[in-house]
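>>> Sequence first, then the predicted structure:
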Amino acid sequence: MGVTKKRKILVQLFYRYLLMNNDNSYIIQDLLDETQLKNEEKINDEMMENIKVILKEKEDLIDEIAFKLSDDWNWDRIPFLIQAILLVGIFEIKYTQTPKAVTINEMINISKEFEPDFNYQFINAILDKIIKF
């Protein structure tokens with residue numbers, strides 16, 4: 001499974017997680033269902049570890065994103081799908097060796113695919129602010 005596909009799966013998992021009111025019991029089962037339904041390769045330990053880190057650090061990641069929002073925005077106003085994209089993006093920026101520009105570009109492309117009516121520049125601006133500070 002390619003890196004882009006893994007990112008998309010992470011975004012989809014965290015989107016469902018946010019929709020289910022942050023219930024941790026759903027995310028692992030969703031991950032297993034996702035791979036079985038689509039007959040994908042097995043999810044590797046790295047992806048499971050990424051999920052665990054995002055869950056563990058979620059509040060700090062959200063606080064960091066919220067701090068970068070302009071005064072007329074707050075975390076709860078952001079659509080769940082965009083929240084998921086931002087969570088996966090900031091995780092990848094802070095906890096992986098992936099070049100930051102690659103992460104931002106991938107998150108923008110995912111947003112264009114899953115939420116074409118949302119202004120992708122919002123995602124670009126937030127992730128760019130996180131990189132710069």
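Sure thing, it's come through.

>>> what about the strands in the protein?
Shown for the chain, no strands are assigned by DSSP state E.

>>> low-scoring pLDDT stretches of it, where are they?
Within the chain, the segments meeting pLDDT under 70 span 22-43.

>>> Show me what stretch 117-129 is in contact with.
Outside stretch 117-129, the residues that touch it by C-beta atoms under 8 Å, 6 or more residues apart in numbering are 65, 68-69, 79, 81-82, 85-86, 89-90, 93, 100, 103-104, 107-108, 111-112. Quick note: C-beta positions are derived from backbone N, CA and C, even for glycine.

>>> How about stretch 100-112?
Outside stretch 100-112, the residues that touch it by C-beta under 8 Å, 6+ apart are 4, 7-8, 11, 81-82, 85-86, 88-89, 92-93, 96, 118, 120, 123-124, 127-128, 131.

>>> how close does the spatially closest residue to Glu57 that is not a sequence neighbour sit to Asn50?
Among residues not flanking Glu57 along the chain, Phe91 sits closest, at 7.3 Å (C-beta to C-beta, 6 or more residues apart in numbering). Distance, Phe91 to Asn50, using C-beta to C-beta, to the nearest Å: 7 Å.

>>> Now, the contacts of stretch 100-112 that are in helices?
When DSSP state H is applied, those are split such that 4, 7-8, 11, 81-82, 85-86, 88-89, 92-93, 120, 123-124, 127-128, 131 fall in helices.

>>> Of those, which qualify as buried by neighbour count?
In the ones in helices among the contacts of stretch 100-112, burial by neighbour count holds for 7-8, 11, 81-82, 85-86, 88-89, 92-93, 120, 123-124, 127, counting by 16 or more other C-beta atoms under 10 Å.

>>> check contacts around the spatially most central residue of the chain.
Centroid-nearest residue in the chain: Val88, 2.4 Å away (criterion: C-alpha atoms, centre = their mean). By C-beta under 8 Å, 6+ apart, the contact list for Val88 reads Arg7, Leu10, Val11, Phe14, Ile54, Met107.

>>> Give me the neighbour count for Ala68.
Not quite, residue 68 is Lys, not Ala. 17 (other C-beta atoms under 10 Å).
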